[in-house]
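# predicted model, plus sequence, below.
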Amino acid sequence: MINFFRKIRKKLSDDGKPLKYLRYAFGEILLVVVGILIALNINNWNENRKAEKLELKILKELKGEFTKNQVELDSAIAAHQLIKDISKELSEIIGQESVITDIEKFNKLASITIFPPKYDPSDGVLNAVISSGDLSLFENDELKYSLSSLSGLIKRYEHWVEVDYNNIIASGPIIIERYSLRNFPFVATLGQSKFEGNPHQLSRSLEFESYVVLRWNNAGTLKSFAVDIYEEQDKIIQLIDAEIQRLE
């Protein structure tokens, strides 16, 4: 083998072509390097394209989830406003000298206050994105921050939903010990109560007034927190739309 290379070197020396050989060797090396770089770039492009396809898929799923939640939240906001309005109207009736002229209306208003707020958002896609680390796929930093911080707003809202629900449960005896629920419209199919029912036992009750005031206060708080979530989710949907447009 050594003799073989000696012969090549001797031939190059004899022919006076070492420079030509070096140029040729350098060219070969350069071609190999360029080929490797091209292969790496193609591989990177393929990987980036796969990541973009996955990002696009997740973005569309998130948009669907948030769009559905906005509809649910819009209904919840309307319900909180209704409770607030009804509680205010009831508070103007309640008092020591209260006189109810429209018993049917009073029954309707009082019955609505005993229904707890409801908001059951879909969060499967968002939770999966955060727990799996797929959030890192997104290039938009504002979107990533908004998605990761949204849970704080939702937890605050859910806490107050629980507070309001507990208030309703704890205040139940205030109503049922003074007035039959069969007088309320939502159980009208059972027929009128056979017990003597006097709505003034409620309207002239200090405990009932406190219950109504708490419902009014909680409804206002819940509506405010729900609006915060709605506005944040609306911003997220706009950011998602912009990213979808960029990727498609």
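The structure has been received and is ready for your questions. Numbers count the residues shown, from 1 in each chain.
# contacting residues for Glu97?
By C-beta atoms under 8 Å, 6 or more residues apart in numbering, Glu97 lies in contact with Arg204. C-betas here are computed from N, CA, C, even on glycine.
# and the helix or strand hosting Leu90, average pLDDT?
Per DSSP states H and E: Leu90 is located in helix 18-93. Averaging pLDDT along helix 18-93 gives 81.
# next SSE downstream of that helix?
Downstream of helix 18-93 (by DSSP H and E), the next one is helix 103-112.
# starting at the chain centroid, how far to that following helix?
Centroid displacement of helix 103-112 relative to its chain, using C-alpha atoms, centre = their mean, to the nearest Å, is 35 Å.
# what's that helix in contact with?
Counting by C-beta under 8 Å, 6+ apart, 82-83, 86, 89-90, 93, 100, 175, 179, 181, 183-186, 199, 202-203 sit against helix 103-112.
# check stretch 199-213 too.
With contact meaning C-beta under 8 Å, 6+ apart, stretch 199-213 is reached by 87, 90-91, 93-100, 103, 106-107, 110, 113, 167, 171, 174-175, 178-179, 183.
# returning to what we had before: make a ChimeraX selection of the buried ones in the contacts of helix 103-112.
Those of those that count as buried under 16 or more other C-beta atoms under 10 Å are selected in ChimeraX with:
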select :83,86,90,93,100,175,179,181,183,184,199,202,203
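# the closest residue to Asn69 other than its chain neighbours sits in which helix or strand?
Nearest residue to Asn69, sequence neighbours excluded (C-beta to C-beta, 6 or more residues apart in numbering): Pro121, at 4.5 Å. Of the helices and strands defined by DSSP H and E, none includes Pro121.
# can you pull the contacts of Pro121?
Contacts were defined as C-beta under 8 Å, 6+ apart; by that measure Pro121 touches 69, 72-73, 154.
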